[in-house]
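Colleague: Could you work out the structure for the sequence below:
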Amino acid sequence: MKKLGITTPCKGRLHHLKRTAPFAVQECDTYCVVDYSCPDSCGLWIRETFPDSHVVSLPGRETFHKPEAHNAGVARLVQLGCDVVCLVDADTIIHPGLAALIRSVVTPGHFLIANHHKDLTGFLAVHTVDFEAVGGFDTVSYHGWGCEDLDTRILLYLRGCSYEVSPVRFLSAIEHENAERVAFYPESDKNQSAYRNLSILHTKFHNLTGNPNWHMSLEVSILLGGYIGDARLSAERFYGKPYTLEPQ
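Modeller: So this is what the prediction gives:
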């Protein structure tokens with residue numbers, strides 16, 4: 001049977017982790033939390049509450065950098081012998097049956113995403129062979145809130161992987177305000193950060209594919225999860241200018 005590991009990064013989200021970690025622990029073989037210089041000492045809480053789980057501590061980080069946190073969590077799960085890794089945000093609630101779905105669906109060349117709620121875009125279940133083949137998360141291009149998860153989805157797809165979208169019943173998200181989402185990011189405006197990072201993402205894949213319309217296929221549109229439409233509305237509403245995918 002495939003060994004399934006779940007990794008969750010945390011910086012200032014212990015109140016969410018206390019609600020979501022018990023479900024994650026029940027649904028995997030190995031659970032790993034990345035304590036990203038968490039002011040709430042989430043790593044200590046995990047060690048005391050779930051002593052069989054694992055903690056990766058990354059001290060000295062003033063701002064949150066999700067790509068680095070995810071890569072560190074996956075690296076530990078690979079060291080622990082996991083074949084399949086599941087990346088889950090601290091505010092994501094896993095419901096019974098997800099592990100069985102992942103084990104039946106995720107294979108080399110086929111990954112699992114969730115699109116039914118905007119706060120679940122960060123969910124990804126992928127075979128370690130594929131994650132390592134694309135180099136993990138891009139730690140150079142994206143800073144601030146947004147798009148690092150879309151980037152990884154698209155890299156997997158361009159590598160030739162297919163994907164499946166999780167049914168609604170297996171995942172849900174804890175509602176919270178935008179101020180909490182960006183509390184530890186260098187950019188305090190979520191929409192501005194998303195707008196900038198989406199332009200970076202478009203430029204990257206335009207250059208990589210040589211196709212300015214790389215995002216127009218149905219398969220890629222699903223991977224983007226409606227993000228382009230949201231960015232367009234944000235740009236027009238908050239910045240008084242039409243949305244464009246050209247670099248800003």
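Colleague: Now do the contacts for the spatially most central residue of the chain.
Modeller: Per CA atoms, centre = their mean, the C-alpha nearest to the average position across the chain is that of residue 122, at 2.9 Å. Counting by CB atoms under 8 Å, 6 or more residues apart in numbering, residue 122 touches 66, 87-89, 92, 149. Yep, even glycine has a C-beta here, placed from its N, CA and C like the rest.
Colleague: Check residue 40 too.
Modeller: Under the criterion of CB under 8 Å, 6+ apart, the neighbours of residue 40 are 10, 12-15.
Colleague: Which parts of the protein are strands?
Modeller: 4-10, 30-35, 54-57, 84-87, 92-94, 110-113, 124-127, 162-165, 171-173 (DSSP state E).
Colleague: can you point me to the longest helix in the protein?
Modeller: helix 190-209 (DSSP state H).
Colleague: which parts of that one are buried?
Modeller: Buried residues in helix 190-209, counting neighbours by 16 or more other CB atoms under 10 Å, are found at 190-202, 204-206.
Colleague: Residue 67 is in contact with residue 139, correct?
Modeller: Yes: between residue 139 and residue 67 there is a contact under CB atoms under 8 Å: 4.4 Å.
Colleague: So which of those two has more stuff around it?
Modeller: residue 67 (20 against 16; other CB atoms under 10 Å).
Colleague: quick revisit: identify whichever of the strands of the chain lies nearest to residue 135.
Modeller: Relative to residue 135, the nearest member of the strands of the chain by CB to CB is strand 124-127, separated by 12.8 Å.
Colleague: can I have that closest one written out in CSV, keeping just the CAs?
Modeller: Once non-C-alpha atoms are left out, strand 124-127 reads as follows in CSV (Å, rounded to 0.1, in the frame of the first residue of the first chain):
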residue,chain,number,x,y,z
LEU,A,124,-2.5,19.2,-3.7
ALA,A,125,-2.0,15.4,-3.5
VAL,A,126,0.9,14.2,-5.7
HIS,A,127,3.3,11.3,-6.1
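Colleague: what does that strand contact?
Modeller: 83-87, 102, 105-113, 149, 152-153, 156.
Colleague: what does stretch 70-88 give?
Modeller: For stretch 70-88, contacts defined as CB under 8 Å, 6+ apart pick out 2-9, 20, 24, 28-30, 32-34, 54, 56, 58, 94, 102-103, 106, 122-128, 131-132, 136-137, 139, 148-149.
Colleague: tell me the average confidence for it?
Modeller: Here stretch 70-88 scores 98 as its mean pLDDT.
Colleague: Endpoint to endpoint, that stretch covers what distance?
Modeller: 9 Å (CA to CA, to the nearest Å).
Colleague: can you give me the helices for the chain?
Modeller: 14-26, 42-49, 66-79, 98-105, 128-133, 148-158, 178-181, 190-209, 218-224, 227-238.
Colleague: Name the residues of stretch 85-105 that are buried.
Modeller: Buried, per 16+ other CB under 10 Å, within stretch 85-105: 85-94, 98-99, 101-103.
Colleague: go on, stretch 105-115?
Modeller: 106-107, 110-115.
Colleague: Please apply the same query to stretch 149-167.
Modeller: 149-157, 161, 163, 166.
Colleague: lowest average confidence, helix or strand, in this structure?
Modeller: helix 227-238 (a mean of 46; mean pLDDT, DSSP states H and E).
Colleague: quick one: residue 69 and residue 132, what's the gap?
Modeller: Shown here: residue 69 relative to residue 132, a distance of 17 Å by CB to CB, to the nearest Å.
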